[in-house]
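Chemist: The following comprises the amino acid sequence and a computationally predicted model.
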There are 2 protein chains.
Amino acid sequence: MEEDGLEKRDILHLLEKKLEKDFSYDSGSILGSMCTEPLDFAKEIYLKYISKNLGDPGLFPGTAALEDELISEIGDLFGNKNIIGTFTTGGSEANLIAMRIARNLRSDIKNPEVVVPISAHISFDKAADLLNLRLRKVKLLENYEVDLNHLETLINKNTCAIVGVAGTTSLGLIDPIEDIGTIVEGKDIFFHIDAAFGGFVLPFLKRLGYQVPPWDFSINSVDSITADPHKMGLGIIPSGGYFVKDSSILQKTGFEIPYLAGGSFKHFHIVGTRPGASIIAFWVVLKYLGIKGFNEIVSKCMDKTKYLAQRISEIRGVKLAADPVMNVVGITTENGDSICELEKTLRNNNWMLGKFLDFNLIRVVIMPHVKRDHLSNFAIDLEKIVKKLKL
Amino acid sequence: MEEDGLEKRDILHLLEKKLEKDFSYDSGSILGSMCTEPLDFAKEIYLKYISKNLGDPGLFPGTAALEDELISEIGDLFGNKNIIGTFTTGGSEANLIAMRIARNLRSDIKNPEVVVPISAHISFDKAADLLNLRLRKVKLLENYEVDLNHLETLINKNTCAIVGVAGTTSLGLIDPIEDIGTIVEGKDIFFHIDAAFGGFVLPFLKRLGYQVPPWDFSINSVDSITADPHKMGLGIIPSGGYFVKDSSILQKTGFEIPYLAGGSFKHFHIVGTRPGASIIAFWVVLKYLGIKGFNEIVSKCMDKTKYLAQRISEIRGVKLAADPVMNVVGITTENGDSICELEKTLRNNNWMLGKFLDFNLIRVVIMPHVKRDHLSNFAIDLEKIVKKLKL
């Protein structure tokens, strides 16, 4: 650290230079991120309320009440208004909270296990490491769907949780959650849905007339759901959400902090200090966009998704890994060759995509910041590179 | 959710009403929070760079490099420039990361234990729950100092970590970290320092000529440190920091995410998506304030701390629990009566303080938002209430 502070102007100048290598969402390069530019109004609100700390909700009772109102509104969207829940630092914390609840509710199990599809998010591997859980990974069928027969064989007396995914990280697919729900029914197993991506897509897709299989609290055995404002909710980065059907779970498994300035309370969070502003900002996003606004955003993303899917299908050497259900497009080679060289060459050409070696595919997420022009340029480059690599 | 979105103006109006019950830092009521209003310049910068996600650092190489630069600068402040580290969602995540590292480095221990002072932060209890650790809590002496003899008796073959605190949550005290360091020396035990509060106070206190015992990487056996920008660093809420001496620990214990748009990398975080903007904002705070700026802030807080301590000492019925070492003042009853009624009555009078039943004290944290006027009014109210309660 320097002894004397610098002038604002000099700092801004210095910073500009240091950050010039960063990619920006509007450059078109970022085709593989599930984050996007938050809504401008959300940013404005965030700045206004940036110092509110819901880690000490007694100091901010208005914000705390707003969070509850928002939870109930989202519950309504997810098939059950009478849920409880909380906003988190993102989907990883939400999934970790879910896995901790599942484990702690079944403290009778000495070596707890969790059944998760192999396509589930890496945060379940993190949670398993942290919580000393054994993951039992469910294989997928040829078409990337969860193999229900295999899933059933993995359930045993040590199973404390089963995870279903509504919007897989790799392909945006929806697991057969209703079928899994039937398997779970009547068993003392926590059924958690990771809809970090799908949570703020599926309710609107359905309203737009797309075929959306049941995935939420409308299925009786679903216990909790992760859904992230900072993905398709256009909320502040970072903000995740965790939603639970049975309110008694907070009393049973919540942490208690006795010393806070605002008084004692129970909570689920891994973190202590917790920004109120991102919650207020998301409340504002829902109020500002309304269902129609979200419908429009999702509809545009799906149109661009169909456009890209069409373009991919016209390029010889590559093909769609699966028909897109949401605004995620997986691309693989026609002859089954590795996608590694393709991904590397695309990256060298500043196309930043997700890479999934397990499924031999590269992934494009058609977030609101991705424009049709970007996709057109990408398809042109992709065709050239596929030809050059003789795929 | 409504079908149609509302007008901005109507939303702002609605919001204003809903949040009016929140306390604000400048009201003077918030006397017991370790959070404070971030620096205005930090907020401005945060807004500008709000969409950068260091959960995918390959997309934001400039921001990632800035983080490394900042870590090294803080390392310099903490007695070792050649550390590694990372910014977190707060002190709780940083402490959880430290405990996970300690446990995973000693996977040979079947039932791992951690020795922590009873005055350590609640995040260690959370970490113990999550990570299946047994906490062995060290008693304090009459003067709230760690009982080193008791600490030594708690170390055994299952001990994977020892925690020292530089700035306790209840009283802002500094554990005898050099002595603990000597005890740890030569043992295969991870030595972690929680300086969430003290990290951005102590280096400046020392420069101001205060007596500050060694607490950082200048002590050879210290392995890692938690220090939070969002406390006395005047950074964005939330932002924590985790700093580690041995860079090989990242390779040994880091998580790997294979699929990111920006390419693969190893990391310590519990979270996935991670805001780059709070890191950029803290880099800016250090550049803008310089050492002199921080010295001035800490100096002012200490002046107000002495003022409050003096006022407390003049009120019959209550006394200082300990002489303040940092800008934290603990108040207890002179005759040993419970502080519960006192705390409750103060709260009913809108004085929001921390309450520590274990130590029978209420806590004032003299953050930059706390003004001398607030403290004067508080002391007047306190005296009245103490008299009324006949303490």
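Modeler: The structure has been received and is ready for your questions.
Chemist: List the residues that contact the most centrally placed residue in chain A.
Modeler: The centre of chain A sits closest to residue A:196, judged by Cα atoms, centre = their mean, with a distance of 2.6 Å. Neighbour list for residue A:196: A:34, A:90-91, A:94-95, A:121, A:167, A:226-228, A:231, A:240 [criterion: Cβ atoms under 8 Å, 6 or more residues apart in numbering or on different chains]. C-beta: built from backbone N, CA, C; applies to glycine.
Chemist: Just to be sure, which of those residues are found in strands?
Modeler: A:226, A:240 (DSSP state E).
Chemist: quick one: which of the contacts of residue A:196 is nearest chain B?
Modeler: Nearest to chain B among the contacts of residue A:196: residue A:90, at 4.5 Å, using Cβ to the nearest Cβ.
Chemist: okay, now that closest one: neighbour count?
Modeler: 30 (other Cβ atoms under 10 Å in any protein chain shown).
Chemist: I'd say it and residue B:272 touch.
Modeler: Yes. Counting by Cβ atoms under 8 Å, residue A:90 does reach residue B:272; the two are 5.6 Å apart.
Chemist: which residues are common contacts for those two?
Modeler: residue B:55.
Chemist: Contact partners for the nearest residue to residue A:270 once chain neighbours are set aside?
Modeler: Spatial nearest neighbour of residue A:270, excluding adjacent residues (Cβ to Cβ, 6 or more residues apart in numbering or on different chains): residue A:93 at 5.4 Å. By Cβ under 8 Å, 6+ apart, the contact set of residue A:93 is A:240, A:242, A:269-271, B:89, B:270-271.
Chemist: Residue A:160 belongs to a strand, doesn't it?
Modeler: Yes. Counting by DSSP: H, G, I helix; E, B strand; the rest coil, residue A:160 is part of a strand.
Chemist: Could you check how far it is from chain B?
Modeler: Distance of residue A:160 to chain B, computed by Cβ to the nearest Cβ, to the nearest Å: 14 Å.
Chemist: TSV for the contacts of residue A:196, including distance to chain B and pLDDT?
Modeler: Output for the contacts of residue A:196, formatted as TSV (distance: Cβ to the nearest Cβ, whole Å; pLDDT from 0 to 100):
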residue	distance to chain B	pLDDT
A:34	8	93
A:90	4	95
A:91	7	96
A:94	10	98
A:95	9	98
A:121	8	97
A:167	15	98
A:226	11	98
A:227	14	98
A:228	8	97
A:231	9	95
A:240	8	97
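Chemist: show me where the stretch 151-300 of chain A has strands.
Modeler: With DSSP state E, counting those that start in this stretch applied, the stretch 151-300 of chain A shows strands at A:159-165, A:190-194, A:224-226, A:240-244, A:255-257, A:265-267, listed in chain order.
Chemist: For chain B, what is the nearest residue in the stretch 151-300 of chain A?
Modeler: Across the stretch 151-300 of chain A, no residue is closer to chain B than residue A:261, which sits at 3.2 Å (Cβ to the nearest Cβ).
Chemist: number of nearby residues for the closest residue to that residue other than its chain neighbours?
Modeler: The shortest distance from residue A:261 to any non-neighbouring residue, by Cβ to Cβ, 6+ apart, is to residue B:32 (3.2 Å). Applying other Cβ under 10 Å, we find 25 residues neighbouring residue B:32.
Chemist: residues in contact with the nearest residue in space to residue A:205 that is not next to it in sequence?
Modeler: Excluding its sequence neighbours, the residue lying closest to residue A:205 (Cβ to Cβ, 6+ apart) is residue A:212, at 5.3 Å. Residue A:212 makes contacts with A:174, A:202, A:205-206, as judged by Cβ under 8 Å, 6+ apart.
Chemist: so where is the stretch 251-391 of chain A shaky, pLDDT-wise?
Modeler: Applying pLDDT under 70 to the stretch 251-391 of chain A picks out no residues at all.
Chemist: can you list the residues of it near chain B?
Modeler: A:255, A:257-263, A:270-275, A:277, A:280, A:283-284, A:286-293, A:347, A:352-357, A:363 (Cβ under 8 Å from any Cβ of the partner chain).
Chemist: Please indicate which of these are buried?
Modeler: Among these, those classed as buried by 16 or more other Cβ atoms under 10 Å in any protein chain shown are A:255, A:257, A:259-263, A:270-275, A:277, A:280, A:283-284, A:286-291, A:293, A:347, A:352-356, A:363.
Chemist: Could you tell me which of these are located in helices?
Modeler: A:277, A:280, A:283-284, A:286-291, A:293, A:347 (DSSP state H).
Chemist: Just the helices from the stretch 101-250 of chain A, written as ranges.
Modeler: Here the stretch 101-250 of chain A has its helices, by DSSP state H, counting those that start in this stretch, at A:123-131, A:148-154, A:177-184, A:202-207, A:248-253.
Chemist: Please tabulate those helices in a markdown table, including the columns mean neighbour count.
Modeler: Compiled in a markdown table, the helices of the stretch 101-250 of chain A are given as follows (neighbours: other Cβ atoms under 10 Å in any protein chain shown):
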| stretch | mean neighbour count |
| --- | --- |
| helix A:123-131 | 22 |
| helix A:148-154 | 15 |
| helix A:177-184 | 20 |
| helix A:202-207 | 21 |
| helix A:248-253 | 14 |
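Chemist: which one of these has the lowest average pLDDT?
Modeler: Among the helices of the stretch 101-250 of chain A, helix A:248-253 carries the lowest mean pLDDT, at a mean of 94.
Chemist: For that one, give me every contacting residue.
Modeler: A:84, A:100-101, A:104-105, A:244, A:266-268.
Chemist: Include distance to residue B:372 when you put the residues you listed into a markdown table, please.
Modeler: Converted to a markdown table, the contacts of helix A:248-253 look like this (distance: Cβ to Cβ, whole Å):
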| residue | distance to residue B:372 |
| --- | --- |
| A:84 | 42 |
| A:100 | 44 |
| A:101 | 46 |
| A:104 | 46 |
| A:105 | 50 |
| A:244 | 45 |
| A:266 | 36 |
| A:267 | 34 |
| A:268 | 39 |
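Chemist: Next, work out how far apart the residue lying closest to residue A:286 once chain neighbours are set aside and residue A:294 are.
Modeler: Once flanking residues are discounted, residue A:286 sits nearest to residue B:1: 5.6 Å by Cβ to Cβ, 6+ apart. Per Cβ to Cβ, to the nearest Å, residue B:1 is found 8 Å from residue A:294.
Chemist: between those two, which one's more packed in?
Modeler: Using other Cβ under 10 Å, the more surrounded residue of residue B:1 and residue A:294 is residue A:294, with 25 against 17.
Chemist: can you tell me which helix or strand residue A:376 belongs to?
Modeler: helix A:372-388 (DSSP states H and E).
Chemist: in that helix, what's buried?
Modeler: Quick answer for helix A:372-388 (16+ other Cβ under 10 Å): A:374-375, A:378-379, A:382-383, A:385-386.
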